[in-house]
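Enquirer: Sequence plus predicted model, see below.
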Amino acid sequence: MRYVKKTLAAALMLFAVFLLTGMKTEAARHLFDVTVKDGYSTQKIPMYYGTSPSGHTAYYTNQPTVYVAPGAKTVRFSVTNVTDAGCGNFSFQNDTLAMSGSDAKMNLFNYYTNGKRRAYMFTVKKLTAPKITWFRVAYPTGRKVLKISSKKAAQIKFVVTADRKANTQISITDRKGRLVWEKKLKSSAKMKYVVSWRGLAGSRNKLGIKRGRAIPNGTYRITVKSSIPYGKRSITARKTIHIKVER
């Protein structure tokens, strides 16, 4: 039995060594930037060589889809910040790409690395407003009312899906539109949010109530706002549901 255990341990050690030696990776190095201007903002898209996010050694970018302003009419492409001397002869199928309509456009990019031709296809799309879905309140009891005296929180749940990272916040107001409570949430291009609220006033409430105190009985509006900035503007989505509160 002792011999079997030793043999098994040795086999496992050899297998681990095999895995470690077989997992050769090359740290990604920056080659150059593809600069995209849509009349509202400028984006710099780095191109790399090395181990890609999928685990393969390749020439790649982390942003194969370029999202531009909703009102963009033309998009200009160029190459800047070349850090690898072996890269050159850059050319785009369209240095200036017309963005008529809402359909996605394709732009073929050719370049050379150490004398070898490479190609990359960029997809260009106009930004659309984030989508707020699965928006609901999970009450802590069977009744569809938040009892503040129970000291149990309601769970406000929703999903935000956006073309790129969106800034999301949640606010609660009374029937007159006065702010009761608010919270800025983590920015993300896709995230399921779960926000707890116990029916207590926030620090910036407009009800004249001290922070952390119970709010009056009533029905309140919960609003989720999610925005994607571009230049000095943003494209925004809002969605509202209601919550009933009792002391």
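Expert: Thanks, I have it. Residues are numbered from 1 along each chain as shown.

Enquirer: For the nearest residue to residue 92 once chain neighbours are set aside, list each beta-bridge partner.
Expert: Closest residue to residue 92 in three dimensions, ignoring its sequence neighbours and counting by C-beta to C-beta, 6 or more residues apart in numbering: residue 77, at 4.7 Å. Glycine gets a C-beta too; all of them are placed from N, C-alpha and C. Residue 77 forms beta bridges with residue 36, as assigned by DSSP bridges.

Enquirer: Show me what the strand ranked longest in the chain is packed against.
Expert: Across the chain, the longest stretch assigned as strand under DSSP state E is strand 154-173. Counting contacts by 3 or more C-beta pairs under 8 Å, 6 or more residues apart in numbering; DSSP states H and E, strand 154-173 is packed against strand 131-138, strand 179-184, strand 188-197, strand 218-230, strand 233-246.

Enquirer: which one of those lies closest to residue 207?
Expert: Among the helices and strands packed on strand 154-173, the nearest to residue 207 by C-beta to C-beta is strand 179-184 (6.4 Å).

Enquirer: That closest one to strand 188-197, inter-axis angle?
Expert: Computed by axes from the mean of the first three to the mean of the last three C-alpha atoms, to 10 degrees, the angle separating strand 179-184 from strand 188-197 equals 140 degrees.

Enquirer: so residue 113 bridges to which residues?
Expert: Beta-bridge pairing for residue 113 (DSSP bridges): residue 87, residue 116.

Enquirer: Touching, it and residue 85? I think so.
Expert: No - here residue 113 does not reach residue 85: they are 10.3 Å apart, not a contact under C-beta atoms under 8 Å.

Enquirer: And those two? Which one has more around it.
Expert: It is residue 113, of residue 113 and residue 85, that has more neighbours when counted by other C-beta atoms under 10 Å, with 16 against 7.

Enquirer: Tell me the spacing between the more buried one and residue 79.
Expert: 13 Å (C-beta to C-beta, to the nearest Å).

Enquirer: mean confidence for stretch 228-243?
Expert: Across stretch 228-243, the average pLDDT comes to 95.

Enquirer: Could you shift the numbering so residue one becomes 26, and keep it that way?
Expert: Will do, 26 is the new start, and the previous item becomes stretch 253-268.

Enquirer: buried ones in that stretch?
Expert: 253, 254, 255, 260, 262, 264, 268 (16 or more other C-beta atoms under 10 Å).

Enquirer: ditto for stretch 121-128
Expert: Under 16+ other C-beta under 10 Å, the buried positions of stretch 121-128 are 122, 124.

Enquirer: can you check stretch 240-252 too?
Expert: For stretch 240-252, the neighbour count (16+ other C-beta under 10 Å) marks 240, 245, 247, 249, 250, 251, 252 as buried.
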